[in-house]
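A.B. asks: requesting a structural model of the entry that follows:
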Amino acid sequence: MFSKKIIPLLILGLFIITFTSCDSDDNDEIIIKQLDIVETAIGSNDLSILVQALQKADLVSALQADGPFTVFAPTNAAFQNLLDSNDSWNGLDDIPVDLLKTVLLYHVTSGVASSSGLSDGQVITMLNDGNISVDLSNGVQLSTIAEQMVTVTNADILVSNGIIHIIDEVMLPLPKEKDIVETAIGSNDLSILVQALQKADLVSALQADGPFTVFAPTNAAFQNLLDSNDSWNGLDDIPVDLLKTVLLYHVSSGVASSSDLSDGQVITMLNDGNISVDLSNAVQLSTIAEQMVTVTNADILVSNGIIHIIDEVMLPLPKEKDIVETAIGSDDLSILVLAVQKAGLVDVLKGDGPFTVFAPTNAAFQNLLDSNDSWNGLDDIPVDLLKSVLLFHVISGNIMSTDLSDTYVKTNLMGPNDEFISMQVETVGGVQFNGDSNPVTVDIEATNGVVHVIDKVMLPPNVVTLALNNSGFTTLVAALTDSRHTTDFVSILSGDGPFTIFAPTNTAFQSLLDSNDSWNNLGDIPITVMDAVLKYHVIPSANVQADQLTEGDVTTFEGSSIMIDLADGAQIKTTSNQVVNILVGDATNDVQGTNGVIHAIDMVLLPSS
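C.D. replies: Modelled structure (predicted):
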């Protein structure tokens, strides 16, 4: 139906009646003139903005030409809605002329297309070369390039140079401007990004006014992220909070086109993390995780900002580093890094592990070099020795500082019979390693273990050093170093060995002293007795761990034998008829040195002699 406003005006305005004198008799002849498109629009109060638009776009003459034309004429309300859709358009004067002309020509087609001549699905090419398509499923509607569905409210207004159809919306000849999310939805290569935004509940945020700059990872980029973690088979395996943080690290406020970026520019993202721009090789982005991400397709303008396609998901967390990378990243471990490289241990310490590494500082290494006049640098230390020292600083497993206790731990350095050398850990009265190395910084986590920085390079201990460093063996050490000896036990037990030593505890020596009223201290024991007793605790040319003990007689350094009895635990039977217990535990047996192994016992062994 025709609008009540338009019908009377059109009826009155379709024709102009003029009277002309035809002859001298003054007989009057009535001449009826039909109005053209522009004149008809001028005659309608509800098409006044259309008339102003035609005048501004200099299209009045064109639409007064012979044509014929079919014009789809938007009402004043339709034009007002167009103006209201853009905050910067208060009137027609705010619309660029070229744009206004293009829009108006998108409402005109050549020829006369009456409503009865239209067919469902028909495509009509307009004077700006854009198309509209006809939909007759619910009245007469027109589908535009901008995905509008415009309704013809009054059809078939015949004019002298064509036909006019009144419509309820200004038809737009440009594709609908989509927001960030809609643009991503329209791209097959951003489908995982869309799923991620949905999972992280960020769709509404990125459909807001913004404006935003989004660095959008491709599907391949997301797949690479998933492949980087064995437990991530899909987005559902990534914790939502982590996913949200990662996605916000791809969005910044404002519109940053590629031409606006400068080399070295730092951009703060919506998660408060930064990326920096590198223009040395196209447009690349350096992330907190030390990635170098490439922009593969820039400057996709959207209604609420701009999108740049990137080839990698940017990670807002510091890069997880393995032990070697962690050391490389520390200025105070640079000599350790050189040592690891020189000893050929880089690949070992980049392995899966996990490892616990005790990492000496540069000052600790310098002190080691200064301890030997012939060592001016790492190159002066034999490679095999350097490798042994370094492996002594490595333990299998992930041992945090809170896991430490008074004990011995097995390092990755092998000694006699391919047994791992023991490192002493002391926690009572302060933490120390190997008797004299102190922690500087602990619990530096790496992807394949943990690093504890220490203040001294630890040298692999022999059995003498192990005894010297153990506060439970102070009486044994005093006995071995008694100045009355003619036997140099320290030199002998510092030799190649290997030795198996049964070491009486301080309590065991006190029991020995208590067994003789005239022995108040070691000095009261005749040195010949002391010599024989100490030799009776050493098994020469053998490195026997507890699990390798076998029942039977074993000859000692003293010359006589002891008998190993495993019937009721690990015990030793002496020629003086003692039954002595081998103390089982990490801190008491299988204490492995470079030249032998120590087992603590609860009594001093006494030979029959």
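
A.B. asks: do I have it right that Val38 meets Leu50?
C.D. replies: No. Between Val38 and Leu50 there is no contact under Cβ atoms under 8 Å: 9.5 Å. No exception for glycine: its C-beta is placed from N, CA and C like everyone else's.

A.B. asks: what's the domain layout of the chain?
C.D. replies: Domains of the chain are assigned by automatic domain parsing as 6-167, 180-310, 323-460, 464-601.

A.B. asks: lowest-confidence stretch among the ones you listed?
C.D. replies: Lowest mean pLDDT of those: domain 6-167, a mean of 86.

A.B. asks: where's that one relative to the chain centroid, distance-wise?
C.D. replies: 59 Å (Cα atoms, centre = their mean, to the nearest Å).

A.B. asks: can you tell me how far Ala327 is from His393?
C.D. replies: Separation of Ala327 from His393 (Cβ to Cβ, to the nearest Å): 11 Å.

A.B. asks: now do the shared contacts for these two.
C.D. replies: Ala359 (Cβ atoms under 8 Å, 6 or more residues apart in numbering).

A.B. asks: the more surrounded of these two?
C.D. replies: His393 (27 against 23; other Cβ atoms under 10 Å).

A.B. asks: which residues touch the closest residue to that one other than its chain neighbours?
C.D. replies: Nearest non-adjacent residue to His393, counting by Cβ to Cβ, 6 or more residues apart in numbering: Phe358, 4.5 Å away. By Cβ under 8 Å, 6+ apart, Phe358 lies in contact with 393-395, 433, 437, 452, 454, 458.

A.B. asks: one more time with 6 Å
C.D. replies: For Phe358, the contact set (Cβ atoms under 6 Å, 6 or more residues apart in numbering) comprises 393, 452, 454.

A.B. asks: can I get these in TSV with secondary structure and distance to Asn233?
C.D. replies: As requested, these are arranged in TSV below (DSSP: H, G, I helix; E, B strand; the rest coil; distance: Cβ to Cβ, whole Å):
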residue	secondary structure	distance to Asn233
His393	coil	38
His452	strand	35
Ile454	strand	41
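
A.B. asks: how about the domains of the chain in CSV, adding distance to Pro173?
C.D. replies: Formatted as CSV, those follow (distance: least, Cβ to Cβ, whole Å):
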stretch, distance to Pro173
domain 6-167, 4
domain 180-310, 17
domain 323-460, 56
domain 464-601, 83
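
A.B. asks: which stretch among those comes nearest Leu317?
C.D. replies: The minimum distance between Leu317 and the domains of the chain falls on domain 180-310, with 6.1 Å, by Cβ to Cβ.

A.B. asks: dig out what the residue nearest to His393 forms beta bridges with.
C.D. replies: Taking DSSP bridges as the rule, Phe358 bridges to His452.

A.B. asks: separation between it and Val457?
C.D. replies: For Phe358, the distance to Val457 - Cβ to Cβ - is 10 Å.

A.B. asks: Leu512 too?
C.D. replies: 38 Å.

A.B. asks: of these two, give the one with the bigger neighbour count.
C.D. replies: Neighbours of Leu512 and Val457, each counted by other Cβ under 10 Å, are more numerous for Val457; the result is 24 against 20.

A.B. asks: pretty sure the more buried one sits against Ala364.
C.D. replies: Yes. Counting by Cβ atoms under 6 Å, Val457 touches Ala364, with 5.1 Å between them.

A.B. asks: quick one: Gly435 from Met423, how far?
C.D. replies: 10 Å.

A.B. asks: spatially central residue in this protein, please.
C.D. replies: Leu315 (3.6 Å; Cα atoms, centre = their mean).

A.B. asks: only the buried residues of the helix or strand harbouring Leu369, if you could.
C.D. replies: If you go by DSSP states H and E, Leu369 is part of helix 362-370. Within helix 362-370, the residues that count as buried by 16 or more other Cβ atoms under 10 Å are 364-365, 368-369.

A.B. asks: distance to Ile192 added to the residues you listed, as JSON lines?
C.D. replies: Compiled in JSON lines, these are given as follows (distance: Cβ to Cβ, whole Å):
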{"residue": "Ala364", "distance to Ile192": "49"}
{"residue": "Phe365", "distance to Ile192": "48"}
{"residue": "Leu368", "distance to Ile192": "53"}
{"residue": "Leu369", "distance to Ile192": "54"}
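
A.B. asks: related to what we said a few turns ago, close enough to count as contact, the residue nearest to the centre of the chain and Ala289?
C.D. replies: Yes. Counting by Cβ under 6 Å, Leu315 does reach Ala289; the two are 3.8 Å apart.

A.B. asks: send the alpha carbons of the helix holding Leu369 over as CSV?
C.D. replies: What follows is helix 362-370, C-alpha atoms only, in CSV (Å, rounded to 0.1, in the frame of the first residue of the first chain):
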residue,chain,number,x,y,z
ASN,A,362,82.0,-17.7,38.1
ALA,A,363,83.9,-16.8,41.3
ALA,A,364,83.8,-20.4,42.4
PHE,A,365,85.4,-21.5,39.1
GLN,A,366,88.0,-18.7,39.3
ASN,A,367,88.9,-19.9,42.8
LEU,A,368,89.4,-23.4,41.3
LEU,A,369,91.7,-22.1,38.6
ASP,A,370,93.6,-20.0,41.2
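
A.B. asks: just want the angle from the following helix or strand past that helix to helix 362-370.
C.D. replies: The first helix or strand that comes after helix 362-370 along the chain, using DSSP H and E, is helix 383-391. Helix 383-391 runs at 140 degrees relative to helix 362-370, counting by axes from the mean of the first three to the mean of the last three Cα atoms, to 10 degrees.

A.B. asks: which helices and strands sit right next to helix 383-391?
C.D. replies: For helix 383-391, the packing partners by 3 or more Cβ pairs under 6 Å, 6 or more residues apart in numbering; DSSP states H and E come out as strand 407-414.

A.B. asks: and after the strand it packs on, which helix or strand comes next?
C.D. replies: Proceeding N to C from strand 407-414, the next assigned helix or strand is strand 420-426, under DSSP H and E.

A.B. asks: for that following strand, which strands pair with it and how are they oriented?
C.D. replies: strand 407-414 (antiparallel), strand 432-433 (antiparallel).

A.B. asks: tabulate the ones you listed (TSV), appending distance to Val134 and mean neighbour count.
C.D. replies: Shown next, in TSV, are the strands paired with strand 420-426 (distance: least, Cβ to Cβ, whole Å; neighbours: other Cβ atoms under 10 Å):
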stretch	distance to Val134	mean neighbour count
strand 407-414	80	19
strand 432-433	86	20
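
A.B. asks: export those strands as JSON lines, with columns for distance to Lys350.
C.D. replies: Compiled in JSON lines, the strands paired with strand 420-426 are given as follows (distance: least, Cβ to Cβ, whole Å):
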{"stretch": "strand 407-414", "distance to Lys350": "14"}
{"stretch": "strand 432-433", "distance to Lys350": "23"}
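
A.B. asks: list the contacts for Val170?
C.D. replies: By Cβ under 6 Å, 6+ apart, the neighbours of Val170 are 74, 78, 82.

A.B. asks: mind pulling up the pLDDT for it?
C.D. replies: 96.

A.B. asks: got it, and Leu317?
C.D. replies: For Leu317, the pLDDT comes out at 85.

A.B. asks: and it, which of the three is it?
C.D. replies: Following DSSP: H, G, I helix; E, B strand; the rest coil, the label given to Leu317 is coil.

A.B. asks: phi and psi next, for it.
C.D. replies: phi -110, psi 150 (degrees, to the nearest 10).

A.B. asks: spatially nearest residue to it (excluding sequence neighbours)?
C.D. replies: In space, Leu317 is closest to Ala289, 6.1 Å off (Cβ to Cβ, 6+ apart).

A.B. asks: I'd like to know how many residues surround that neighbour.
C.D. replies: 17.

A.B. asks: and for Ile399?
C.D. replies: Neighbours of Ile399 using other Cβ under 10 Å come to 19.
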